[in-house]
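A.B. asks: Okay, sequence plus prediction incoming.
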Amino acid sequence: MKLVLAIVQQKDRDRLIDELTEAGFQATVLASTGGFLREGNSTIMLGIDEGAIDRVLEAVRKTCRTREQFMTPIPPVVEPVDSYVTYPVKVQVGGAIIFVLNVERLERI
Ligand code: 2BA
């Protein structure tokens, strides 16, 4: 058995959950925050059989888009504020970041 953790953009979350649910997967959705942009994203947790990984990846490919976002770096505290000019930086976010972990066992009680 495997545990898939898929970090996706909020805009893609519902379509991905619909796709996974229609395909018969059970999922838990966690609200998460990206460490770099400090913006909300969603982490979807799925316990699946090893043979189902490709179907999950396919659902992610089908529903999660790559988007460009701008972020303005925060000046370091040590610099005098007026000597530091910040410019927005363009970053590409997604489609999705996916971790696949081994699961020793799953119990439903
Ligand atoms: P954030 O940390 O908010 O990162 C958003 C996007 O900013 C990233 O998109 C990446 O393109 C860029 N980025 C991140 N750190 C950067 C840095 N130090 N310098 C320049 N650009 C940087 P994605 O790679 O698609 O990641 C989307 C979200 O997935 C991330 O949001 C984070 O929440 C998660 N993530 C990505 N890689 C991860 C990892 N290795 N471990 C844990 N979470 C990860």
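C.D. replies: Received the coordinates, thanks.
A.B. asks: Give me the sheet partners of the helix or strand bottoming out on mean pLDDT in the chain and which way each runs.
C.D. replies: The weakest-scoring helix or strand in the chain, judged by mean pLDDT, DSSP states H and E, is strand 67-71 (a mean of 92). Strand 67-71 has its sheet partners listed here by DSSP bridges as strand 89-93 (antiparallel).
A.B. asks: buried ones in the strand it pairs with?
C.D. replies: Val93 (16 or more other C-beta atoms under 10 Å). For every residue, glycine as well, the C-beta is placed using N, CA and C.
A.B. asks: The helix or strand following that strand pairs with which strands, parallel or anti?
C.D. replies: Going down the chain from strand 89-93, the next helix or strand is strand 96-102, by DSSP states H and E. In the sheet, strand 96-102 lines up against strand 2-9 (antiparallel) (DSSP bridges).
A.B. asks: What average pLDDT does the strand it pairs with get?
C.D. replies: The average pLDDT within strand 2-9 is 98.
A.B. asks: Now it: buried residues?
C.D. replies: Lys2, Val4, Ala6, Ile7, Val8, Gln9.
A.B. asks: how far away is the last one from Ser42?
C.D. replies: Gln9 sits 8 Å away from Ser42 when distances are taken as C-beta to C-beta, to the nearest Å.
A.B. asks: what do you get for the third one?
C.D. replies: With distances taken as C-beta to C-beta, Ala6 is found 8 Å from Ser42.
A.B. asks: does Glu58 sit in a helix or strand, and which one?
C.D. replies: helix 53-63.
A.B. asks: what angle do that helix and strand 2-9 make?
C.D. replies: 10 degrees (axes from the mean of the first three to the mean of the last three C-alpha atoms, to 10 degrees).
A.B. asks: Among the buried residues of strand 2-9, which one sits closest to Arg67?
C.D. replies: Relative to Arg67, the closest of the buried residues of strand 2-9 is Gln9; by C-beta to C-beta it sits at 6.6 Å.
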